[in-house]
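Participant: The amino acid sequence is not available; the structure is as follows:
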């Protein structure tokens, strides 16, 4: 044996590096699936805004980008693809106004903003229509609603921004032709054991004409109830889903060992033109419901769907043991109530051996394995009456860092977007399939490019997200490799067959190599479904430029 010379060492390292590059290049080519193809637009000027809304309808697409009081409206060509026009509105709304949301209603894009009238002590809600054909404002803003006194809201979450948002929540009907505006008055009594919520419910048609207006005092104190969700059906019936506690503790359990919940679910129904609440009690007993929402359906009935826990184990409110659904008629009658446990086989997929052993022990001692931190993201009521539920594991961690040399230190937050659980329930209430889609996404700048986007056509359901390329051929007994937000990533699509639940996974593109472009700040909220087999995506690409991508699903 002999020691290699410097030349030999250098040559070996060079050959090794070339082999590694070749392997990575070969692997990268394999991951780009033939199931998808994409086109990239020519770059256009980037708009750096606080809030970005992307909307599509009738074969058209626009974005509404709001930076403080300035509004940018960009119109897109979804076929070419590319940006067609941009309209800039400086100081588009008054100083003391706050933009609430931008929605597609009855074929129109509507920007909602609130303004407090201090002189007359009135809260006001305005609407500004945006013409999708022209990509610009259509006429002046109109006053939609005026309320005497203040209503409650939440902080914007931005530093040095003391404005309240979500003063008026908007719920659209299933056919998207009518909408409901909901608000809550600031309670006169501060003690929630003595205060009864006053909820305003105002319905409008798609032409902004008021259909009904009611202000209702809740039958229980604030301490005794939590409103879970609202819904307006196509006929103007109003539905309110509530969680009603059995005492003033506001606790899900009275004692740790209790096997039944210290609350039940009630459905409040309001007929058009009536102020009388019709109340229907929904028994949950040993099901501790941690997520529940209501949705209109093609047949006109209301569908409730969510997740429940069996109440066992630590932090049971964060745990999910199964799926719950039920249906309601317009008179409030509840029927077809079903629950579906998540099998331990599903929970154990894509987990480490250590985690699997823990789950098996929980199954043996009766506690049951858990799908933790599951947030209900999407519910789709299909034309045949079946229901699709998509949940995602989401949580965040706050980290406190000790200061040096007497400084106060700092605080950072890490956001985690993990596995997806997709479930289909047939119209007759039977479970069609339940699928776990693995991913691990971590970041420190809020949602950023994490989470996923869901859409479907008649045959398939699609989940699109950024992932680590090493997860492409992930086996069911392997743990996914972490994707760090802002570190590139492969735009990945999981296709789930509607009938069978079989799913395939494919990489659409490498965000760091899209026709020699390095895409940055790719966000799931910037993905828009434009047809049954296409979607568009806007992304930043350095030098203060954006590009628009059109993806075709073959």
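Facilitator: Okay, I see it. Remember, predicted model here, so these are calculated numbers, not experimental data.
Participant: Skipping adjacent residues, who's closest to residue 509 in space?
Facilitator: Spatial nearest neighbour of residue 509, excluding adjacent residues (C-beta to C-beta, 6 or more residues apart in numbering): residue 491 at 5.0 Å. All C-beta atoms are positioned from the backbone trio N, CA, C, and that covers glycine.
Participant: Run a quick check on the one you found versus residue 523, I expect a contact.
Facilitator: No - using C-beta atoms under 8 Å, residue 491 is not in contact with residue 523; the gap is 11.5 Å.
Participant: quick one, which of those two is more surrounded?
Facilitator: Shown here are residue 491 and residue 523; by other C-beta atoms under 10 Å, residue 491 has more neighbours (26 against 19).
Participant: residues contacting the most centrally placed residue in the chain?
Facilitator: Nearest residue to the geometric centre of the chain (C-alpha atoms, centre = their mean): residue 377, 4.5 Å. For residue 377, the contact set (C-beta atoms under 8 Å, 6 or more residues apart in numbering) comprises 390, 391, 392, 451, 452, 454.
Participant: Relative to residue 479, which of the residues you listed is nearest.
Facilitator: Among these, residue 392 lies closest to residue 479 (C-beta to C-beta), at 17.3 Å.
Participant: what sits against that closest one?
Facilitator: For residue 392, counting by C-beta under 8 Å, 6+ apart, the contacting residues are 374, 375, 377, 417, 418, 419, 420, 421, 451, 452.
Participant: Number of residues surrounding the last one?
Facilitator: In this case it means residue 452. A total of 24 residues lie near residue 452 under the criterion other C-beta under 10 Å.
Participant: Now do the strands in the stretch 51-200 of the chain.
Facilitator: Taking DSSP state E, counting those that start in this stretch to define them, one finds strands in the stretch 51-200 of the chain at 51-57, 60-67, 70-77, 82-89, 97-105, 108-117, 122-131, 136-137, 142-148, 154-155, 164-165, 169-172, 178-184, 196-205.
Participant: For the residue nearest to residue 509, name its beta-bridge partners.
Facilitator: residue 466, residue 509 (DSSP bridges).
Participant: Tell me the pLDDT of it.
Facilitator: As predicted, residue 491 sits at a pLDDT of 95.
Participant: Next up, the contacts around it.
Facilitator: By C-beta under 8 Å, 6+ apart, the contact set of residue 491 is 464, 465, 466, 507, 508, 509, 511, 522, 537.
Participant: Nearest to residue 101 among those?
Facilitator: residue 537 (21.5 Å).
Participant: And the closest one, how far from residue 530?
Facilitator: Applying C-beta to C-beta, to the nearest Å, the value for residue 537 to residue 530 is 10 Å.
Participant: Which of these two has more residues huddled nearby?
Facilitator: Taking neighbours as other C-beta under 10 Å, residue 537 and residue 530 compare with residue 537 leading, 25 against 20.
Participant: Sketch out the low-pLDDT regions of the stretch 151-300 of the chain for me.
Facilitator: Residue ranges of the stretch 151-300 of the chain with pLDDT under 70: 156-162.
Participant: The nearest residue to residue 289 once chain neighbours are set aside bridge partners, please.
Facilitator: Once flanking residues are discounted, residue 289 sits nearest to residue 308: 4.9 Å by C-beta to C-beta, 6+ apart. With DSSP bridges as the criterion, residue 308 is bridged to residue 289, residue 322.
Participant: so residue 308 sits right up against residue 326, yeah?
Facilitator: No - assessed by C-beta under 8 Å, residue 308 is found out of contact with residue 326, at 11.8 Å.
Participant: Contacts only, for residue 243.
Facilitator: By C-beta under 8 Å, 6+ apart, the contact set of residue 243 is 225, 226, 227, 228, 263, 264, 265, 289.
Participant: hang on, the earlier thing: format the strands of the stretch 51-200 of the chain as TSV; extra columns: distance to residue 383 and mean neighbour count.
Facilitator: Below are these laid out as TSV (distance: least, C-beta to C-beta, whole Å; neighbours: other C-beta atoms under 10 Å):
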stretch	distance to residue 383	mean neighbour count
strand 51-57	19	18
strand 60-67	24	21
strand 70-77	28	21
strand 82-89	33	16
strand 97-105	20	20
strand 108-117	24	20
strand 122-131	29	19
strand 136-137	35	16
strand 142-148	32	15
strand 154-155	36	10
strand 164-165	35	16
strand 169-172	18	18
strand 178-184	20	21
strand 196-205	24	18
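Participant: So which of these is nearest residue 270?
Facilitator: Of all the strands of the stretch 51-200 of the chain, strand 196-205 sits nearest to residue 270, with 7.0 Å by C-beta to C-beta.
Participant: elements contacting the closest one?
Facilitator: Counting contacts by 3 or more C-beta pairs under 8 Å, 6 or more residues apart in numbering; DSSP states H and E, strand 196-205 is packed against strand 142-148, strand 178-184, strand 210-221, strand 225-232, strand 238-245.
Participant: right, so of the ones you listed, which gets closest to residue 475?
Facilitator: Taking C-beta to C-beta, strand 225-232 is the member of those nearest to residue 475, at 38.4 Å.
Participant: Return the distance of that closest one from the chain's centre.
Facilitator: Centroid separation for strand 225-232 versus its chain: 17 Å, with C-alpha atoms, centre = their mean, to the nearest Å.
Participant: tell me what it is packed against?
Facilitator: Contacting strand 225-232 under the criterion 3+ C-beta pairs under 8 Å, 6+ apart are the following elements: strand 169-172, strand 178-184, strand 196-205, strand 238-245, strand 288-296.
Participant: Of all these, which one is nearest residue 431?
Facilitator: Among the helices and strands packed on strand 225-232, the nearest to residue 431 by C-beta to C-beta is strand 288-296 (17.9 Å).
Participant: how far away is the residue nearest to residue 233 when sequence neighbours are not counted from residue 269?
Facilitator: Spatially, and ignoring its direct neighbours in sequence, residue 233 is nearest to residue 296 (5.0 Å; C-beta to C-beta, 6+ apart). Separation of residue 296 from residue 269 (C-beta to C-beta): 13 Å.
Participant: for residue 142, what are its contacts?
Facilitator: Taking C-beta under 8 Å, 6+ apart, we find residue 142 in contact with 126, 127, 128, 208.
Participant: So for the third one, what's the pLDDT?
Facilitator: You'll see residue 128 listed with a pLDDT of 97.
Participant: who does it bridge with?
Facilitator: When bridges are called by DSSP bridges, residue 128 pairs up with residue 111.
Participant: That one touches residue 115, doesn't it?
Facilitator: No - counting by C-beta under 8 Å, residue 128 stays clear of residue 115, with 11.9 Å between them.
Participant: Next, show the common contact partners of those two.
Facilitator: By the contact definition C-beta under 8 Å, 6+ apart, residue 128 and residue 115 are jointly contacted by residue 93.
Participant: before we move on, back to that, need the helices and strands packed on strand 196-205 in CSV (columns: distance to residue 54).
Facilitator: Listed next are the helices and strands packed on strand 196-205 as CSV, based on distance: least, C-beta to C-beta, whole Å:
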stretch, distance to residue 54
strand 142-148, 23
strand 178-184, 19
strand 210-221, 29
strand 225-232, 24
strand 238-245, 29
